[in-house]
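Peer 1: Model the structure of this input:
(5 chains)
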Amino acid sequence: METTSRVREILSWYPSDNPGTLANLYRLLMHGRLAGTGKLVILPVDQGFEHGPARSFAPNPPGYDPDYHIQLAIDSGCNAYAAPLGFIEAVAGKHAGQIPLILKLNNSDTLSKGHSAESAVTGSVKDAVRLGCVAIGYTIYPGSAARNHQYENLRALAEEAKAHGLAVVTWSYPRGEGITDKKGETAVDVAGYAAQIACQLGSHVVKVKPPADFIYQPEAQKVFEKYNIPWKTLADRARHVVQSCFNGKRIVIFSGGEAKSSEEILTEVRGLRDGGAFGSIMGRNAFQRPREEAIQLLRQVGEGAWVASDGLRLLLAGPMAAREWMRQTLDRGRAAYLAGRILRLEALTRPTLENAVQMLRDRGVVVGAKLQLTPEWASRDKLAALADEADLFLR
Amino acid sequence: METTSRVREILSWYPSDNPGTLANLYRLLMHGRLAGTGKLVILPVDQGFEHGPARSFAPNPPGYDPDYHIQLAIDSGCNAYAAPLGFIEAVAGKHAGQIPLILKLNNSDTLSKGHSAESAVTGSVKDAVRLGCVAIGYTIYPGSAARNHQYENLRALAEEAKAHGLAVVTWSYPRGEGITDKKGETAVDVAGYAAQIACQLGSHVVKVKPPADFIYQPEAQKVFEKYNIPWKTLADRARHVVQSCFNGKRIVIFSGGEAKSSEEILTEVRGLRDGGAFGSIMGRNAFQRPREEAIQLLRQVGEGAWVASDGLRLLLAGPMAAREWMRQTLDRGRAAYLAGRILRLEALTRPTLENAVQMLRDRGVVVGAKLQLTPEWASRDKLAALADEADLFLR
Amino acid sequence: METTSRVREILSWYPSDNPGTLANLYRLLMHGRLAGTGKLVILPVDQGFEHGPARSFAPNPPGYDPDYHIQLAIDSGCNAYAAPLGFIEAVAGKHAGQIPLILKLNNSDTLSKGHSAESAVTGSVKDAVRLGCVAIGYTIYPGSAARNHQYENLRALAEEAKAHGLAVVTWSYPRGEGITDKKGETAVDVAGYAAQIACQLGSHVVKVKPPADFIYQPEAQKVFEKYNIPWKTLADRARHVVQSCFNGKRIVIFSGGEAKSSEEILTEVRGLRDGGAFGSIMGRNAFQRPREEAIQLLRQVGEGAWVASDGLRLLLAGPMAAREWMRQTLDRGRAAYLAGRILRLEALTRPTLENAVQMLRDRGVVVGAKLQLTPEWASRDKLAALADEADLFLR
Amino acid sequence: METTSRVREILSWYPSDNPGTLANLYRLLMHGRLAGTGKLVILPVDQGFEHGPARSFAPNPPGYDPDYHIQLAIDSGCNAYAAPLGFIEAVAGKHAGQIPLILKLNNSDTLSKGHSAESAVTGSVKDAVRLGCVAIGYTIYPGSAARNHQYENLRALAEEAKAHGLAVVTWSYPRGEGITDKKGETAVDVAGYAAQIACQLGSHVVKVKPPADFIYQPEAQKVFEKYNIPWKTLADRARHVVQSCFNGKRIVIFSGGEAKSSEEILTEVRGLRDGGAFGSIMGRNAFQRPREEAIQLLRQVGEGAWVASDGLRLLLAGPMAAREWMRQTLDRGRAAYLAGRILRLEALTRPTLENAVQMLRDRGVVVGAKLQLTPEWASRDKLAALADEADLFLR
Amino acid sequence: METTSRVREILSWYPSDNPGTLANLYRLLMHGRLAGTGKLVILPVDQGFEHGPARSFAPNPPGYDPDYHIQLAIDSGCNAYAAPLGFIEAVAGKHAGQIPLILKLNNSDTLSKGHSAESAVTGSVKDAVRLGCVAIGYTIYPGSAARNHQYENLRALAEEAKAHGLAVVTWSYPRGEGITDKKGETAVDVAGYAAQIACQLGSHVVKVKPPADFIYQPEAQKVFEKYNIPWKTLADRARHVVQSCFNGKRIVIFSGGEAKSSEEILTEVRGLRDGGAFGSIMGRNAFQRPREEAIQLLRQVGEGAWVASDGLRLLLAGPMAAREWMRQTLDRGRAAYLAGRILRLEALTRPTLENAVQMLRDRGVVVGAKLQLTPEWASRDKLAALADEADLFLR
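Peer 2: Numbering: from 1, shown residues only, chains lettered A, B, ... in the order given. This is a model prediction of the structure:
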């Protein structure tokens, strides 16, 4: 596949990295169904360590098997598979090269309690190198009394990883003594702050939880009010987090968190998409479902966006009533479905397209009661580029 | 630009450093609008880490973007730009060489509370070397129960930095268990003490907060009284801090602290200037303003001082009434303004010049009711040198 | 693209390598137009160092520019681009990830003469890691008085490379004091021997020159005769070399050597293909042609093989006269040409297909005067797999 | 001084270097009278080691003193000063930061004879770091029997230098057993080859001797003839060398060699300029002259080019007879002379301008019997950029 | 004793050294009878290794004992004592701190012959540190086929020594394949070249043999003639060598070589003195004499010069006939002798004083038939400084 201009743009945000790290970021961005779009879906499976095997794998017993997860990640077109040392070692030699791997270098178990939130370092950069990984993963707990120790560990590991041409993916999960109200852990201000910290620590990719409709810090509350920072919709909150990641110049993806229904997931994903998220990490919500359902879920999300992007070409001939545009776009989408270009009928729903129209308005691509391309976008080339780079997954 | 005698003098205070470190101090002193004057304005942007992104950047949203800050530092003629690893990595490769960079090696976040004040080490000397920085930055909290750990970290990092030809810039912020009254954190005696500690730890440049009209330690109180150390004006207090920095033989600069109005900033800067400060670090007060306003603010301060220095030549012909000197000097200043030599009309105000006359008296350049050059200064060459090296910014 | 069974088979020959090295072999085998076929075309450009710039690049002056070569390798669908440090550094950061890179760690120039054949080490494994390469390349001169030094260098570098997850590609060129007759340098026995040495030194990929119709060692002459080892056709000789590479269980590719006409190249490539070669390294023959001609040449070779493989499906319905099969296969090929599946009419020639039929007989896929699938191959799935993995390029 | 687009372009050719190395290349390109033009004049003083003190310094005895040379380099506006360890240590602490320094890491003396040409390593990368240098320098002798040892030394030193953020400057001087005819040492084919080798070894800047009107290698002779590579004028030969340096994407500068008259030097410099050289290294020809003469020589060369570039603005109003353009341009030049913008009347000569017109034609800036700007160049901005970046020195 | 301005001046020539090295240079310059004068006498005893014990010590058998030499050096007021590891270890603990020690790190024996001149490394920088030495010593043989190896060894040892705050003393003795005529080893041009090489290698102190009335290199011969470099007297030749040592900005001392009569030594020393030498190394000529004679010899040389300097004060009152001045000066000298200020009557001879007068004329201190101070020198302070820093030993 040819390099897209979106991927070139993303790589340009990392001007201080060596070509080795850039090549691994490239591999991450150019693999799977979202290759080239600048969007990412990563399948992380660290719950066996974090929550114990029964809680993690009993809902879908094949998940006890390490081969299950990497194959799921490959078959559903994820960009990468992330796991602790044991799971990676169990599959890396057998599936070498088939999907970018991220070695999670620290992990926390829930057998011991009552201490500061702190993960153990369970893998090394050398492990990541010998296992052929493209990146290391590391979890920090901003708010924990042990946070400085975590930041310093990450600093040292990131320095070593970059020297070895690896990328750095940081899970930033606020938690611990500094956050006295459980709701604060997902508060929008805290989420943005935690994301900023991960970026400042030199991460290439940051993963946070979807921010909730809550502001935790009184000082932040004042600022949000004084400067009218919107935060009531998930899209607004995601936008704040993306902005907090160097104005969108660091890749930020959102985790799925608690297991949910497919419908809830898709709603959440749409909100994140509208806020400019680069993609998702879906652990439990993917691998705790039966395999086929999981694959389908991961696919559907992206396909809807592609259909909408594709429909923009209809407007090159001139303005068109929104209803008419939707009708024709759905027709094109169905044709694409028949041609195998898209695989899920769920991608062809009116709400999805309405969502998309709103997004296209927000980006200044279309205007008017009748849909009309803005002059800036009214060229076949611009639209082709948009479609090529269409955010197949989340936008 | 040719090396000035002031810069030569400053470098002479560091006779034990290797040429690599001296060359980097030189670069710091010879860059930007204040190049050669011995004065410094450094733009530090670590607030995203220290206070969170919304509180830091919402007042001027372009500041979410790492490219914004380095460009602001370049365009406003700062001597250097200082930031944590993430912000530096995001720009170093793209702007390589365009402005001296300082990598802040430790940073503190405010998500976790209730512990000893202690920053995490978030970057390394190797990072500073590969990123082309001229110096490392490090924050210590004298007064914290964890201070010794911080001093020891700084010692090790400074040793490594100096071996690699880098300079060491220390932020010295009294804080923690040892200072039971919040007002003590900026007390003049504490500020001088904290500055001394930073110098004794081998720093080349020390940054402290402007000292407040308060003495915290009873023992210090007695000494200030017994020896009549003046401390009622900001100039007096700044003078005490400068003296505490090896009698002015270490570069000491003052931070701006809380966001203020431009007028408040300029008043503060004047006080510091009169006390002999080498310059300022202006974080929030610069980047939280709209860009053009920030650039103008940074410019105005220096221009006023240049006008006053330039006016000294009028006295070569003989004594002159102060009022007449001021009139003519303002005329010359206006001409310089029209010629584009200075850019801010604000630099041409009577209070600024009165301030300057007082300073010139203090330095023994002029005497008398009628202004008159002292014999030592009554030569075209001496004045030219003074003007060349005019403390464009703060004195 | 999905992993093919051929690539899985090839990787199975390297059971002692760590997943990092396997992943990089995978990347090498899964990139470009031959991705998944187990065949390789690598574009090496070290001639500027080896023969000087004028002799190398004057025939096609854009080749003076390092960007030209990597773009040629990308556009023509090569599996990898190999070059010395200077050429790789000039492009790695800009084209990071776009094509697998091989850093040639030693190089020889022709300005100094009259010594043992010996290349200088001009790059390191650390260079290869920081530049994001998938493999190191190294040249040995079996026959040189300095060979042991070279073998020992390679050993050390290969050990380090494998620990860092890189693959090892060895150029094995007999030369030097031990080979007193110039013809001996390409003699078939010597070529097989040199290839064996490279494999025994732990190389993953070996590159040799096409073996000539000559036996150099008297002892080898006796053995070839006693055991009736065929060596009169290029295919026979290539087969001997492939067999010498661990019975085909190491990847062996052949260089193109002196610049030739396109026709000569294709004839040579066909002979090598028939002998089981895994592919080619084409330096001068590619980059000394005008760019479009070079791209076309690289494409044509592979397309012919694909057409033949595709035609096999015709036999699923039952036996078919060879002539009829050829007619229908050419028709399918033309359709594929019109559909843009293949780009060169040259791929659709009778000699190519006759060649292919012979190959299919050799492999036991077809038998009989009328062409007939053997029972082992008479299934849609087997043929699909064969076609998928069709040796698009050389077989 | 603001970064010029030419410097940005040059830095873009080094996409694999870390920001530290880029910053030091930037410092090299942005210092001195040629700052920002992409041209370089470096003053190297290693002759005391290479030829002995009397032969080197007796013609101008102040040259025995290490302070003399660095001051000459500073005063004449060179981009950098290069010398062995002793001379650098004698001045680095005293002149820290005042001019970019290049530590020559190997040197050869002429007291011992009859061996392979080989320099001793006389300094280290650590020395370069502690002395505040921007680059290391290293000499290779392609053609020497000991060349491989030299290449390998350079490789190791360059790797270490790059890791420390230094640039690498290579002196490439063909010499030794492989070049049996003394004339071969400066033959144009050999010069191009030696430059290519230095580039392939990962050098950022290459220094060669001006190539002579001679081809040494018979194989090269055939290629030059077959492809009509012009080599009869110095400009032609310089062009071949520049092309051999990655098509001009590596900085290549020429040494002055034997001491000559000022007139001879300027003629030589003009030839090199026309061939696209990036600048000169002038050792003996600079420091063996009386100081003032040396400074003037270095200045004059650049000023002539600036005058010509400046005159282009006259053509914005429309075509102009060449003679008239020259008259007006000379007038402007004289005004610039009076204004102190240029310092040497010699820069204002007709031959210089005629030279320049030819160059402007070659670059496609002007066409026609009457001078006329091509459409591409007919804008104030383009001309301003050209003038800003005017190749003040050599083009 | 107070630091003299001469020592301050000398230390200023080493601006790139760390304070540790400067402190050791200071110790070297401020110890013994010549303390503060900038002159040095070092007693080296490496002849036991170099020529065998009988040849070295039989003439004065107490010399077999290592305690003898260091005590001799202390008692005769030498600045330092230099020897190989064994001799230093035998005394360092016992005489710790009593005299600066120089550990000679390499030594050559004469039992093995017929190889390139090359010394063995017989001590380490760590040895020098643990033994409390102020400097390392190292011998190079410019002209030897093995010279590069020696230069590279010295480079590495010097780097380590400087990092440990030691000074570097280099014995530079031309010898070997490159110097086919034995007379070339002490030729004036070769001596100057060898001294220059030692300086360029980063030595703080260089030791060479007194240069002989001979020019070895034809190229040098031409230069000496063309530029009228005088070389007929020992003073002329010494002056050339001093100039070759960075124009006198590196300390250069001369060895005594073959054993001679006291008279010959003093004549030689006077010649060297007039040429600006910094002092002597006297091995055999000192320790092969009976102890008292050796001490006396070392003392006498310096005392004569002090007497002359002291006599200058007589001229403050006005001009004085030379004869009268000599009379009074001798009187003062005798008084000083009686007072114990000087110890040798030999210092009070007319030839010594005549010599001194000539020197004072040369330096522009006195003029006229009647001796008269030049205006520049006619102050008590200037003369006091001159006397203080009087070159007690050699000038």
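Peer 1: okay, now the closest residue to A:Gln372 other than its chain neighbours: neighbour count?
Peer 2: Excluding the flanking residues, the one nearest A:Gln372 by C-beta to C-beta, 6 or more residues apart in numbering or on different chains is A:Pro319, at 4.0 Å. The way it works is simple: take the backbone N, C-alpha and C, and place the C-beta from them, glycine included. A count of neighbours around A:Pro319, defined by other C-beta atoms under 10 Å in any protein chain shown, yields 14.
Peer 1: Quick check, A:Pro319 in contact with A:Val366.
Peer 2: No: counting by C-beta atoms under 8 Å, A:Val366 is not a contact partner of A:Pro319; they are 9.2 Å apart.
Peer 1: Now for those two: what residues contact both?
Peer 2: A:Gln372 (C-beta atoms under 8 Å, 6 or more residues apart in numbering or on different chains).
Peer 1: Please report the number of neighbouring residues for whichever residue of the stretch 151-300 of chain A sits closest to chain B.
Peer 2: The nearest approach of the stretch 151-300 of chain A to chain B comes at A:Gly178, 3.2 Å away (C-beta to the nearest C-beta). Here the count is done by other C-beta under 10 Å, and A:Gly178 has 21 residues near it.
Peer 1: Quick one: residues contacting it.
Peer 2: A:Pro142, A:Gly143, A:Ser144, A:Ala145, A:Arg147, B:Leu111, B:Ser112, B:Lys113, B:Gly114.
Peer 1: Look up the closest residue to it, ignoring the ones flanking it.
Peer 2: Using C-beta to C-beta, 6+ apart, the closest residue to A:Gly178 is B:Ser112 (3.2 Å).
Peer 1: Is the one you found in a helix, a strand, or coil?
Peer 2: Under DSSP: H, G, I helix; E, B strand; the rest coil, the three-state class of B:Ser112 is coil.
Peer 1: Ends of stretch A:308-323, what's the gap?
Peer 2: 13 Å (C-alpha to C-alpha, to the nearest Å).
Peer 1: what is the rounded mean pLDDT of it?
Peer 2: Averaging the model's pLDDT scores along stretch A:308-323 yields 83.
Peer 1: same check, this time on stretch A:170-179
Peer 2: So the average pLDDT for stretch A:170-179 ends up being 92.
Peer 1: Domain ranges for chain A, per the record?
Peer 2: Following automatic domain parsing, one gets these domains for chain A: A:5-289, A:304-388.
Peer 1: Just give me the lowest mean pLDDT stretch among the ones you listed.
Peer 2: Looking at these, the bottom one is domain A:304-388 with a mean of 75.
Peer 1: In a helix, A:Val41, correct?
Peer 2: No: judged by three-state DSSP, A:Val41 forms no part of a helix; its state is strand.
Peer 1: Skipping its backbone neighbours, what lies nearest it in space?
Peer 2: Per C-beta to C-beta, 6+ apart, closest to A:Val41 is A:Cys78, 4.9 Å.
Peer 1: one step back: pull out the buried residues from the contacts of A:Gly178.
Peer 2: A:Pro142, A:Gly143, A:Ser144, A:Ala145, A:Arg147, B:Leu111, B:Ser112 (16 or more other C-beta atoms under 10 Å in any protein chain shown).
Peer 1: I'd assumed B:Leu111 was in contact with the second one.
Peer 2: Right, A:Gly143. Yes: under the criterion of C-beta under 8 Å, A:Gly143 makes contact with B:Leu111 at 4.4 Å.
Peer 1: Give the residues shared as contacts by these two.
Peer 2: A:Pro174, A:Gly178, A:Ile179, A:Val190, A:Ala194.
Peer 1: Can you get me a residue count around the first one?
Peer 2: I take that to be A:Pro174. A:Pro174: 29 neighbours (other C-beta under 10 Å).
Peer 1: what do you get for the fourth one?
Peer 2: For A:Val190, the tally of surrounding residues (other C-beta under 10 Å) stands at 29.
Peer 1: which element is it on?
Peer 2: Using DSSP states H and E, A:Val190 sits in helix A:188-200.
Peer 1: And the residue of the stretch 251-395 of chain A found nearest chain E, how far from A:Val41?
Peer 2: Nearest residue of the stretch 251-395 of chain A to chain E (C-beta to the nearest C-beta) works out as A:Ile251 at 43.3 Å. Distance of A:Ile251 to A:Val41, given as C-beta to C-beta, to the nearest Å: 12 Å.
Peer 1: Max pairwise distance over the shared contacts of A:Gly143 and B:Leu111: which two?
Peer 2: A:Gly178 and A:Ala194 (11.1 Å; C-beta to C-beta).
Peer 1: which residues are common contacts for the two?
Peer 2: Common neighbours of A:Gly178 and A:Ala194 (C-beta under 8 Å, 6+ apart) are A:Pro142, A:Gly143, B:Leu111.
Peer 1: Run through the residues that contact the first one.
Peer 2: A:Pro142 is in contact with A:Ser172, A:Tyr173, A:Pro174, A:Arg175, A:Gly178, A:Val190, A:Tyr193, A:Ala194, A:Ile197, B:Asp109, B:Leu111, B:Ser112, counting by C-beta under 8 Å, 6+ apart.
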